[in-house]
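S.K.: what follows is a predicted protein model with its sequence.
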Amino acid sequence: VTTGQVLSLLLLFGLSNWVSAAIRYAIPEEARKGSAVGNVVADLALDLGRLPDRRLRVVSGGNKKYFGVDLTSGALLVNERIDREELCGALSPCILSFEILMENPLELYSGTVEIQDINDNDPVFPSSQARLEISESVAAGARFPLESAQDPDVGVNSLQTYQLSANPHFALDVQTRVDGSKYAELVLEKELDREEQRELHLVLTALDGGSPPRSAHVQIHIDVVDANDNAPVFNQSTYKANVRENTPSGTLVAKISAYDLDDGPSGEVVYSFSSHTPAKVRELFALDSATGELRVKGQLDYEETKLYEIYLQAKDKGAVPGVAHCKVLVEVVDVNDNTPEVTVTSVYSPVPEDAAPGTVVALLSVTDLDSHDNGLVNCFIPSEIPFLLSSSLKNYYTLKTKAALDREKASEYNITITAKDSGSPPLSAVKTILVQVSDVNDNAPKASQDSYDVYVLENNMPGIPILNVSATDPDLGRNAHLSYTLFQGDPTMGHLFSINRENGTLYLLTSLDHEDQVEFSMMVQVQDGGSPPLATNVSVSVFVTDVNDNPPTVLYPQPNTTDTYTDVVPPGTPAGYMVTKVVAVDADAGYNAWISYTLLQATDPNLFSVGLHSGEIFTARQLREDDAPQHTLVILLKDHGEPVLSATATVSISVAEMAKEVLTDLTDVAPANDPRRHVTFYLILAVILVSAAFFITMLSVGIFKCYKWRQSKELYSSSRSTAYRTPGPFHHIDAVRGGFTPPNFYHQVYLTTDSRQSDLLCKKPFTSSPLGSRQSTMRNGEPGLYHQIVGTASRLPAPAEQAQPNPDWRFSQTQRPGTSG
């Protein structure tokens, strides 16, 4: 067989997850390093071009890597010096096993290489000389064993025969033992005659079967002595014994016995090993020369040698000692003395956490040098981990996933593999494999809050941070790297807000105005860096809280206009008469919009007074005839903000008889020569009727107000423990007199009982804020604005605890944006 020749066919068989095959080669020992054994790619029908991608590698037992594969040619090459005698000793054939492992997909091929013996060792005798004493009385046909030569080669290169130098007395008989080894015996063909020849010198040559054969020589010196008539005789020619391996030294194996019929020293028997007993046997066993007891001397190992063939002799003490020979067969019984050995062939780590159940994680091989049940090994791992072991080939196991992995719960597993044989008691070995779990993007970012409410004072500094959106992601690396993006429902929102993509800090880019917009809603998307990325949305509401940045705005009398309106009051008007009302509004909210009215300047400061919270102008005393006919009042309007902002309103009041003025005007416009003189009568009649209707109307209103006052007082007394209650039937009250407000602009509110002293209840529920309100407020206090107020119009004095306005509400009835009363 030439180097690298394939000796056996490729055997293929399918497995559950990978393919396996077996190949066999043969090479001579001492093959040159780098010499080819065979082409595994061709023999296994593999794709040569895909070998680098499939990570082909050769795995062989032991610490040495005897073989490797050339990825360019597919040849199996010798990597280390191979000495058959060192590897296998006397075993034949000498087999080296290897496995070829490939990935993508996973495939495993097993193979063996037979190491063929070459004739590189000479036979060796234990000594260069041998001496024999043979009595002249020994009859022809007697046999004399000779020391055997040892040749570590096997097969035809081992010891094959012996040759004896030519002589007239002895012939050589070559015998074969049970194990196939050869030994030689001298056979006496012609009786010796001491008187004729006292000693003989022979040469014994050992030859092996090599070409050319190697040989060894030993000189045999034979002394011819006088005869001893009787030789010892064993009671049996072959003894058999069984002994367990690892038996302690000194244990009795067998006892041999021989007898000699001679008397005296010629009848005393001495036991010893035969001269051709191997040295290894002499190291393992001891023989008592007097008793014939064969005992264990060294350490027996079943895995090394299962049967020992021991040759013993018994010799008497005569002048010419007689010799007898016997054989002891010692069978070594196996005990479970070898622990299993687990070898990790390959580990695929890290494993993605989304790996499907059944993914191969590692390949393992298990060996046990014991035999039968002692060498039968089972492997198992803890049941609580998401992995399982399955056997696909004899002594091979695959470690697979059996359930879904989660890196966030366990980032790695120290898997303990226990290999236990079936001996009694069983022996076990433990191997630990570290399997790491790699991260995949399977967790979306999680914000610390689903929504944020942020309160910002208006007129803020541009560029200030107002919020830090906090989120976490339990993934790892890029999968846990978070970026923040601002989703703007309104395109203009991008000019107002921005967010730092890295840390989630929300910035306000411009100054906000509470009167322009109270609330801003936006969505922040938190996205990780995985592929594909995962995201979560967080809603952010920014509420603009009010500061006192708007002074009161006068709606009536209309400021900055060329048309002046003069309120008329008749002479003799009593004290407490409401002349007119200053109507103002403040665009701010809460306390900042609460307006108070004071009389700053007047023609006659003692004649008129102003309601502090209503803006109503009353006569402070009864008008007299000597009072000035024209009065100009300057009213100071102040809010309750910090700092206080103010405005002024100028009111003109004329003291005159309204009926006389009307009649005078009508007389002036009537022509002097009007033929219909009775027109004046009709005009006077009309004035009288109008005055009467006015009186009746005022009386009806007074009666109605008195009735309502009684009704509201009873209602107030019955519900004093209730803070506020929505009244019954609603009446529309015109809060602004004189028809100076257009009827198409309304602000609808509810008034409670005793609404003159208490605050307004708005339709929308309030939400807590630093200033008590998130609801939208009036945008601008423009002229012509009035409010439609729904509720009762009665004015009742409130208890002291209700006289002060509630800071949590927008307006009070005594100070309402859009109307002063």
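M.R.: That came through, no problem. Residues are numbered from 1 along each chain as shown.

S.K.: domain assignment for the chain?
M.R.: Domains of the chain are assigned by the TED database as 23-116, 129-225, 233-333, 341-437, 446-545, 553-655.

S.K.: can you give me the helices for the stretch 1-150 of the chain?
M.R.: Ranges of helices in the stretch 1-150 of the chain, per DSSP state H, counting those that start in this stretch, are 40-43, 51-54, 84-88.

S.K.: residue 592 is nearest to which of those helices?
M.R.: helix 51-54 (76.2 Å; CB to CB). Every residue, glycine included, has its C-beta placed from N, CA and C.

S.K.: quickly, which of the domains of the chain bottoms out on average pLDDT?
M.R.: Among these, domain 23-116 has the lowest mean pLDDT, at a mean of 83.

S.K.: endpoints of that domain, how far apart?
M.R.: Distance across domain 23-116, first residue to last, is 17 Å (CA to CA, to the nearest Å).

S.K.: check the offset of the longest helix seen in the chain from the chain's centre.
M.R.: Looking across the chain with DSSP state H, the single longest helix is helix 679-718. Distance of helix 679-718 from its chain centroid, counting by CA atoms, centre = their mean, to the nearest Å, is 85 Å.

S.K.: now the domains of the chain as CSV including distance to residue 703?
M.R.: Formatted as CSV, the domains of the chain follow (distance: least, CB to CB, whole Å):
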stretch, distance to residue 703
domain 23-116, 103
domain 129-225, 141
domain 233-333, 128
domain 341-437, 81
domain 446-545, 44
domain 553-655, 19
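
S.K.: looking at those, which is closest to residue 705?
M.R.: Among those, if distance is taken as CB to CB, the winner is domain 553-655, at 13.4 Å.

S.K.: bridged to residue 484, which residues?
M.R.: Beta bridges link residue 484 to residue 526, judged by DSSP bridges.

S.K.: now do the strands in the stretch 601-750 of the chain.
M.R.: Secondary structure of the stretch 601-750 of the chain (DSSP state E, counting those that start in this stretch): strands at 608-610, 616-619, 630-638, 646-655, 731-734, 749-750.

S.K.: nearest to residue 525, of the ones you listed?
M.R.: Nearest to residue 525, of all those, is strand 749-750, at 39.5 Å by CB to CB.

S.K.: returning to what we had before: give me the helices and strands touching the longest helix of the chain, please.
M.R.: The contact analysis (3 or more CB pairs under 8 Å, 6 or more residues apart in numbering; DSSP states H and E) places helix 679-718 against helix 658-669.

S.K.: most packed of the helices of the stretch 1-150 of the chain?
M.R.: Neighbour counts (mean count of other CB atoms under 10 Å) averaged over each of the helices of the stretch 1-150 of the chain peak at helix 40-43, with a mean of 20.

S.K.: which outside residues touch that one?
M.R.: For helix 40-43, contacts defined as CB atoms under 8 Å, 6 or more residues apart in numbering pick out 6, 10, 23, 46, 48, 51, 69, 73-76, 100, 109, 111.

S.K.: now restrict the residues you listed to buried residues only.
M.R.: For those, a burial check counting by 16 or more other CB atoms under 10 Å picks out 6, 23, 46, 51, 69, 74, 75, 76, 100, 109, 111.

S.K.: between which two of the residues you listed is the distance greatest?
M.R.: 6 and 51 (19.0 Å).

S.K.: and of the contacts of helix 40-43, the nearest to residue 348?
M.R.: residue 100 (17.2 Å).

S.K.: the closest one and residue 38: what is the separation?
M.R.: 12 Å (CB to CB, to the nearest Å).

S.K.: do residue 169 as well
M.R.: 56 Å.

S.K.: and the two? Which one has more around it.
M.R.: residue 38 (23 against 19; other CB atoms under 10 Å).

S.K.: next one: that one from residue 394, what distance?
M.R.: To residue 394, residue 38 is 24 Å away according to CB to CB.

S.K.: ok, back up a step: out of the domains of the chain, which gets nearest to residue 688?
M.R.: Using CB to CB, the nearest of those to residue 688 is domain 553-655, at 16.4 Å.

S.K.: quick check: which element contains residue 163?
M.R.: Using DSSP states H and E, residue 163 maps to strand 159-164.

S.K.: partners of that strand, with directions?
M.R.: strand 199-208 (antiparallel).

S.K.: so what touches the next helix or strand after the strand it pairs with?
M.R.: As assigned by DSSP H and E, the chain's next helix or strand after strand 199-208 is strand 215-225. With contacts defined as CB under 8 Å, 6+ apart, strand 215-225 is touched by 122-125, 127-136, 146-147, 149, 170, 186, 192-194, 197-208, 319-320.

S.K.: tell me the buried residues in strand 215-225?
M.R.: Buried, per 16+ other CB under 10 Å, within strand 215-225: 215, 216, 218, 220, 222, 224, 225.

S.K.: and if you look at stretch 139-158?
M.R.: Those buried within stretch 139-158 under the rule 16+ other CB under 10 Å are 142, 144-154, 157-158.

S.K.: show me these that map onto strands.
M.R.: 144, 145 (DSSP state E).

S.K.: any idea which residue sits dead centre in the chain?
M.R.: Taking CA atoms, centre = their mean, the centroid of the chain lies closest to residue 407, which sits 2.2 Å from it.

S.K.: let me know the closest of the contacts of helix 40-43 to residue 441.
M.R.: Nearest member of the contacts of helix 40-43 to residue 441, counting by CB to CB, is residue 51, at 33.8 Å.

S.K.: so who does the closest one touch?
M.R.: So residue 51 contacts 41, 69, 71, 74, 102 (CB under 8 Å, 6+ apart).

S.K.: distance-wise, check the fourth one relative to residue 115.
M.R.: The one in question is residue 74. 22 Å.

S.K.: the second one too?
M.R.: Using CB to CB, residue 69 is found at 19 Å from residue 115.

S.K.: likewise the third one?
M.R.: Distance, residue 71 to residue 115, using CB to CB: 25 Å.

S.K.: more neighbours: which of the two?
M.R.: Per other CB under 10 Å, whichever of residue 71 and residue 115 has more neighbours is residue 115, with 23 against 15.

S.K.: deepest of the strands of the stretch 601-750 of the chain, which one?
M.R.: strand 608-610 comes out most buried of the strands of the stretch 601-750 of the chain by mean count of other CB under 10 Å, with a mean of 22.

S.K.: of the contacts of strand 215-225, buried ones?
M.R.: Buried among those (16+ other CB under 10 Å): 122-123, 125, 130, 132-136, 146-147, 149, 170, 186, 192, 194, 200, 202, 204-208, 320.

S.K.: quick one: contacts of the strand holding residue 163?
M.R.: So strand 159-164 is contacted by 123, 146, 148-151, 170-172, 174, 181-182, 184, 186, 202-209, 213 (CB under 8 Å, 6+ apart).

S.K.: what's the angle between the helix or strand following that strand and strand 159-164?
M.R.: Next along the chain after strand 159-164, taking DSSP H and E as the criterion, comes strand 170-176. Angle, strand 170-176 to strand 159-164, by axes from the mean of the first three to the mean of the last three CA atoms, to 10 degrees: 170 degrees.

S.K.: tell me what angle strand 170-176 forms with strand 215-225.
M.R.: 130 degrees.
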